[in-house]
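Enquirer: How does the following fold in three dimensions:
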Amino acid sequence: EREREREREMGGESGSILFSLVSRGAVVLAEQGSEKTEAARAAPRVARRIIEKLSTANNRVTYSQDSHLYHILCENGIIYLTMADESFGRRIPFAFLEDIKSRFSSQYGATASTALAYAYNTEFSRVLRQQMEYYSSNPNADSINKVKSEIAEVKNVMVENIEKVLDRGEKIELLMDKTDRLQGEASRFRGQARKLKNQMWWNKIRNMMLLGLLIFLVIYFIMALACGPKLQCT
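Expert: Model (predicted):
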């Protein structure tokens, strides 16, 4: 049972990678996101807050926010970040980051140290999207990377709450953003409920009119049989 619990923690059983980026300090060089969930849509903003506070010293760290984890690999001044469902574990996201690091460094090398913001986004965002899909859905992604020795280091990565890298003002701002989104969703829900109520009311009126017309036709048909089409009973 303990081994199964450890496996769930390290490997994950469900979920997916929802966002990723490559940056030099706070300068984003390429990123790829998803519109699947509210958390995925908010990920770019949260990720920028994180990289603004991070040291670029070689390091691995994971930050938690609600039911999602932000995994970060820093090497040679470049930050590789990904956000995934907490249930996805840590081994596969860090395998993804190792893969992205290898592809990025081999493709751009030393030029990344002077590149402008989003200089590689057009080209490398496609790579990020392709690898995000692969590591999220292909069962071979876990079985292949599970045996890599560097992935074993994931068990030593400390998981910290994201609030540790945000100051009070930023935490309040994120909370206000979330509150605004919730209020917007509540407003849309009320609008949809009002529209549905009006639609049901018109459906009821239409059904009553159809029923009245049907009753009139039945009465007319009965009287026409008895008195003729002109309803001239003698």
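Enquirer: Just the element for F19, please.
Expert: strand 17-24 (DSSP states H and E).
Enquirer: show me where pLDDT drops low in this structure?
Expert: 1-14, 141-187, 229-234 (pLDDT under 70).
Enquirer: so the spatially most central residue of the chain, which of the three states?
Expert: By Cα atoms, centre = their mean, the chain has its centre lying nearest to A40, at 2.7 Å. What DSSP: H, G, I helix; E, B strand; the rest coil gives for A40 is helix.
Enquirer: Please apply the same query to the one 5 residues further on.
Expert: Using three-state DSSP, the structure places R45 in helix.
Enquirer: residues near it, how many?
Expert: R45 has 11 neighbours, counted by other Cβ atoms under 10 Å. All C-beta spots, glycine's among them, are computed from the backbone N, C-alpha and C.
Enquirer: try V22
Expert: For V22, using other Cβ under 10 Å, the count is 27.
Enquirer: Identify the bridge partners of the closest residue in space to I79 that isn't next to it in sequence.
Expert: Distances taken as Cβ to Cβ, 6 or more residues apart in numbering put S23 closest to I79, at 4.7 Å, once the chain neighbours are dropped. Per DSSP bridges, the residues bridged to S23 are V28, I79.
Enquirer: can you give me the strands in the chain?
Expert: 17-24, 27-32, 59-65, 68-75, 78-85, 159-161 (DSSP state E).
Enquirer: So which of these is nearest Q192?
Expert: strand 17-24 (26.0 Å; Cβ to Cβ).
Enquirer: the inter-axis angle of the closest one versus strand 78-85?
Expert: 170 degrees (axes from the mean of the first three to the mean of the last three Cα atoms, to 10 degrees).
Enquirer: Could you tell me the end-to-end distance of stretch 106-122?
Expert: 17 Å (Cα to Cα, to the nearest Å).
Enquirer: If you count neighbours, what's buried in it?
Expert: 108, 112, 119-121 (16 or more other Cβ atoms under 10 Å).
Enquirer: got the phi/psi numbers for the nearest residue to T56 once chain neighbours are set aside?
Expert: Once flanking residues are discounted, T56 sits nearest to G77: 4.8 Å by Cβ to Cβ, 6+ apart. Phi and psi for G77, reported as degrees, to the nearest 10, are phi 80, psi 0.
Enquirer: How about the contacts made by G77?
Expert: Applying Cβ atoms under 8 Å, 6 or more residues apart in numbering to G77 gives the contacts 24-25, 56, 113.
Enquirer: From those, pick the one nearest R190.
Expert: Nearest member of the contacts of G77 to R190, counting by Cβ to Cβ, is G25, at 43.4 Å.
Enquirer: and that closest one, how many neighbours does it have?
Expert: Other residues lying near G25 total 14 when counted by other Cβ under 10 Å.
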